[in-house]
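Peer 1: sequence first, predicted model second:
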Amino acid sequence: MYYNSSRGDSPRSAIGVAVADDIEGPYKDLGVILKSGMIEEPSEDGTPYDATVHPNVVDPHVFFDQDNKLWMVYGSYSGGLYILKIDPDTAKPYPEQGYGKKLLGANHSRIEGPYIQYSQETGYYYLFLSFGGLAADGGYNLRVARSKNPDGPYYDSEGNNMIDAHGPKGSFFEDNAIKRYGAKLIGNFMFLRTENEVSSGTDGYVSPGHNSTFYDEDTGKYFVIFHTRFPNRGEQHEIRVHQMFMNEADWPVIAPNRYAGETIEAYSKKQVIGEYKLINHGKDISKVNKKSVIIHLEKDGSISGNVSGNWKQTGDTTVNIILNNITYRGIFLNQWDETIANNIMTFTALSDEGIAIWGKQVLTE
């Protein structure tokens, strides 16, 4: 078990390790294995600690790769996010690695909470990250990049090397410098209630992020787990679990509604045509909620409404949606929607530019 031994909002942070014979404990503390924020002693790589270069040592994720090698990816905003080789016999980093290999970040870029998930389906390691600040006005959002190797280099859907994702020298929380990096899977949004729609409650998230993921080998389902705030509810936050899928370009897409036991299946054109509320998550890092607009998936494959374009089913569950000459590849999924207490058709898709769109079918009285 790896843990943060101090608060992650301070440069003086550490990661420790504890072991137990049983998952329920008791655990034996083996001590601190990595430190940051040193002032009166050398940093982990032997140089003075520099917050623009060195990591804030928090948010560890430990995993085995496909060669059964153990790794720890970690870090929060400041000098970047790093990955270390871990000795499985001691649960500690192998010696003479310093902070390990840098994957991205520097100069106080607001990037944190790394989590790496391997997919047997695609053969990629996916690096999930949170950009922005986690407070209600911080514009927190969840992004992803991928690599064929556990320690990178990681690239986003536009082919950008994530090592270049950092603020300029001398900057502090410069979000504009990093917003183009990583495929943005979810950010602030609000599905607006339409006229005559049966609905209750607020349907949206504020600053979703700091995730983990899980692949259930028994069901073949991927899940993403994250915390989020909500419109008009201040800093109060809760955990959410959504199902996740790989699209035809081997990128993950997140289902619009929280998981309620649904399983994807083949859908006919008759089932998926109709009126939808559309969210475009964009690539920005902003406290502004993206609000839904109305579109219609027409029987002839055209899209009408507030945004025009075309759509085409490319398989039993998969779809290509073309809006403003940009192609989004994704899936259809019938989901339970708690705000209307009914099942509706949804879609989720991602463009090569790393922009996610969601759609929820409108159910009227």
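Peer 2: Sure thing, it's come through.

Peer 1: what's the closest non-adjacent residue to E265?
Peer 2: Ranked by CB to CB, 6 or more residues apart in numbering and with sequence neighbours excluded, the top spatial neighbour of E265 is T317, at 7.0 Å. Every C-beta, even on glycine, is put in place using the N, C-alpha and C of the backbone.

Peer 1: pull the number of nearby residues for that neighbour.
Peer 2: If you count neighbours by other CB atoms under 10 Å, T317 ends up with 18.

Peer 1: what distance do you get for it to W311?
Peer 2: Using CB to CB, to the nearest Å, T317 is found at 14 Å from W311.

Peer 1: again, but for L134
Peer 2: For L134, the distance to W311 equals 35 Å [CB to CB].

Peer 1: same question, G37
Peer 2: 51 Å.

Peer 1: neighbour count winner among those two?
Peer 2: Shown here are G37 and W311; by other CB under 10 Å, W311 has more neighbours (22 against 17).

Peer 1: ok, the more buried one - contacts?
Peer 2: 297, 301-303, 319-322 (CB atoms under 8 Å, 6 or more residues apart in numbering).

Peer 1: so what's it bridging to?
Peer 2: I321 (DSSP bridges).

Peer 1: what pLDDT does the model give it?
Peer 2: Predicted confidence (pLDDT) for W311: 98.

Peer 1: now swap in D203 and tell me
Peer 2: 93.

Peer 1: CA atoms only for stretch 285-304, dumped as PDB, please.
Peer 2: What follows is stretch 285-304, C-alpha atoms only, in PDB (Å, rounded to 0.1, in the frame of the first residue of the first chain):
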ATOM      1  CA  ILE A 285      -9.600  24.900 -18.900                       C
ATOM      2  CA  SER A 286     -12.400  27.100 -17.600                       C
ATOM      3  CA  LYS A 287     -14.900  27.400 -14.800                       C
ATOM      4  CA  VAL A 288     -17.600  28.000 -17.400                       C
ATOM      5  CA  ASN A 289     -20.100  25.200 -17.700                       C
ATOM      6  CA  LYS A 290     -20.600  23.900 -21.300                       C
ATOM      7  CA  LYS A 291     -24.400  24.000 -21.900                       C
ATOM      8  CA  SER A 292     -26.300  21.600 -24.100                       C
ATOM      9  CA  VAL A 293     -27.800  22.500 -27.500                       C
ATOM     10  CA  ILE A 294     -30.400  20.600 -29.400                       C
ATOM     11  CA  ILE A 295     -29.600  18.500 -32.500                       C
ATOM     12  CA  HIS A 296     -31.600  15.900 -34.400                       C
ATOM     13  CA  LEU A 297     -30.200  12.700 -35.800                       C
ATOM     14  CA  GLU A 298     -32.300  12.300 -38.900                       C
ATOM     15  CA  LYS A 299     -33.200   9.000 -40.600                       C
ATOM     16  CA  ASP A 300     -31.200  10.000 -43.800                       C
ATOM     17  CA  GLY A 301     -28.000  10.400 -41.900                       C
ATOM     18  CA  SER A 302     -28.100  14.100 -41.600                       C
ATOM     19  CA  ILE A 303     -27.900  16.200 -38.400                       C
ATOM     20  CA  SER A 304     -30.100  19.300 -38.000                       C
END
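
Peer 1: now do the buried residues in that stretch.
Peer 2: 285-287, 289-290, 292, 295-297, 303 (16 or more other CB atoms under 10 Å).

Peer 1: looking at those residues, spot the one nearest N4.
Peer 2: Nearest to N4, judged by CB to CB, of the buried residues of stretch 285-304 is I285 at 24.1 Å.

Peer 1: so how far is S268 from the residue nearest to E265?
Peer 2: 11 Å.

Peer 1: which residues are in contact with each of those two?
Peer 2: Joint contacts of T317 and S268 (CB under 8 Å, 6+ apart) do not exist.

Peer 1: where do the strands of the stretch 101-250 of the chain begin and end?
Peer 2: Ranges of strands in the stretch 101-250 of the chain, per DSSP state E, counting those that start in this stretch, are 101-104, 111-118, 125-131, 141-147, 183-186, 189-190, 204-216, 221-229, 237-246.

Peer 1: just give the closest residue to A266, not the sequence neighbours.
Peer 2: Excluding the flanking residues, the one nearest A266 by CB to CB, 6+ apart is D316, at 3.5 Å.

Peer 1: any idea how many residues pack against that neighbour?
Peer 2: Neighbours of D316 (other CB under 10 Å): 12.

Peer 1: I264 now?
Peer 2: Using other CB under 10 Å, the number of residues around I264 comes to 18.

Peer 1: and if you look at the one 10 residues further on?
Peer 2: A count of nearby residues for G274, using other CB under 10 Å, gives 16.

Peer 1: ok, it - contacts?
Peer 2: G274 neighbours (CB under 8 Å, 6+ apart): 296-297, 345, 361-362.

Peer 1: need those in JSON lines (columns: secondary structure, distance to N257 and pLDDT).
Peer 2: Output for the contacts of G274, formatted as JSON lines (DSSP: H, G, I helix; E, B strand; the rest coil; distance: CB to CB, whole Å; pLDDT from 0 to 100):
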{"residue": "H296", "secondary structure": "strand", "distance to N257": "20", "pLDDT": "97"}
{"residue": "L297", "secondary structure": "strand", "distance to N257": "18", "pLDDT": "98"}
{"residue": "M345", "secondary structure": "strand", "distance to N257": "11", "pLDDT": "98"}
{"residue": "Q361", "secondary structure": "strand", "distance to N257": "11", "pLDDT": "95"}
{"residue": "V362", "secondary structure": "coil", "distance to N257": "14", "pLDDT": "93"}
